[in-house]
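# following is a predicted model, sequence given first.
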Amino acid sequence: MLGKFFGSRSKARDMHNSPVLSDDTLRALRKADDLGHLAPNCELAQYQTLGQALIATVVIQTLSGPDAERLVEELAARFRGDVLVPGSVPGSTARPRHLVLDLQNVEYMDSGAIGSLVALLTQLHKIGGRIALVNTHRNVQFLFKLTQLDRLFPICTDVLKAIERVEREG
């Protein structure tokens, strides 16, 4: 009876007409666990420095849970000097002071991610550092404005303006 509403195609025909997943999609599915979190060895951000600012471009679309905690820990390690900052000379003590967080790829961020960023900001304030956000998706920007955290995390339209903002206010 349900066959006339849903069609009575065979499973073999459905398998033949199913879409083929690209190699990139298959790799992404293998990297994600059942909750959509990335495997521990996956890259969360790309880093570069300019002046006293560390620029971190987040490469994932959803920043939540363990991924957010891992990203903040990676960032904190770079500010502590545990990880060599790109562009610095091995053995030097030059560490970034400010963070420009480029969220161009992030479409969703949960409250846990925001809490982790607030904790990082608290640590950076101890060394006179600041955090600015750049290229925020409208959903993420709305969340920061709704919670009035855009007062603590200035939202800028481009990286150079964000660097100028954190260095001027820091």
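Looks like it arrived, so ask away. As the structure is a computational prediction, the values presented were derived from the model and not from experiment. Numbers count the residues shown, from 1 in each chain.

# switch to C-alpha atoms for all contacts and neighbour counts from now on
Noted.

# so where's the protein uncertain?
1-41, 84-94, 170 (pLDDT under 70).

# again, 90 this time
Within the chain, the stretches with pLDDT under 90 are 1-43, 51, 65, 80-95, 168-170.

# and the helix or strand hosting Leu117, what's buried?
Leu117 is part of helix 111-126 when elements are defined by DSSP states H and E. The neighbour-count check on helix 111-126 (16 or more other CA atoms under 10 Å) flags Ala113, Ile114, Ser116, Leu117, Val118, Leu120, Leu121, Gln123, Leu124 as buried.

# wait, the fourth one touches Val72, no?
In other words, Leu117. Yes: between Leu117 and Val72 there is a contact at 6.8 Å, judged by CA atoms under 8 Å.

# please name the nearest non-neighbouring residue to Ala68.
Ala113 (5.1 Å; CA to CA, 6 or more residues apart in numbering).

# for the helix or strand hosting Asn139, packing partners?
Using DSSP H and E, Asn139 sits within helix 138-146. Counting contacts by 3 or more CA pairs under 8 Å, 6 or more residues apart in numbering; DSSP states H and E, helix 138-146 is packed against strand 108-109.

# if you set the cut-off to 10 Å instead, what comes out?
For helix 138-146, the packing partners by 3 or more CA pairs under 10 Å, 6 or more residues apart in numbering; DSSP states H and E come out as strand 108-109, helix 111-126, strand 155-156.

# any chance you could list what contacts it?
Residues from elsewhere that reach helix 138-146, judged by CA atoms under 10 Å, 6 or more residues apart in numbering: 103, 106-111, 114, 133-136, 148-155.

# buried ones among these?
By neighbour count, with 16+ other CA under 10 Å, the contacts of helix 138-146 hold 103, 106-109, 114, 133-136, 150, 153-155 as buried.
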